[in-house]
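Q: Below is the sequence, then the predicted model.
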Amino acid sequence: MKLGPALRQVVSADWSQLTLREAVRLSPAVVLSLAAMLVIGDPRQSALATSGAFIVGFGAFQQFTRARAAPMVFAAAGVGVSIFVGTLAGESTALTAALAPD
């Protein structure tokens, strides 16, 4: 497979799939998490909280159970576990070595 067509497919957008109503509905979570942490005064925490809200927001576009919130709950739990494990690994050289890819 040639790189050109694959790259065009990756960077192209199907604007017919755009749902502005969903985007507007989910934007306050990202904005509020950014604003709250900036008010606290720690830009690093602001970036982490905002990226978490952004990631979880992608779950709003999925549905694998009757509950619309289920994908967002699973995404939030996954982000939480990842942060927890990453925090522990950052404090231990052995854990960092064990969890780091080769």
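A: Cool, got the structure.
Q: Could you tell me how far residue 13 is located from residue 91?
A: Summarising the geometry, the distance separating residue 13 from residue 91, computed by C-beta to C-beta, to the nearest Å, is 41 Å. Placement of C-beta: from N, CA and C, glycine included.
Q: what does residue 45 give?
A: Distance, residue 45 to residue 91, by C-beta to C-beta: 18 Å.
Q: now residue 34
A: 27 Å.
Q: more neighbours, these two?
A: Neighbour count, other C-beta atoms under 10 Å: between residue 34 and residue 91, residue 34 has more, with 18 against 9.
Q: The spatially most central residue of the chain sits in which helix or strand?
A: The centroid of the chain falls nearest to residue 55 when counting by C-alpha atoms, centre = their mean (1.9 Å). According to DSSP states H and E, residue 55 maps onto helix 43-58.
Q: and that helix, how far from the chain's centre?
A: Here the centre of mass of C-alpha atoms in helix 43-58, compared against the chain's by C-alpha atoms, centre = their mean, to the nearest Å, lies 7 Å away.
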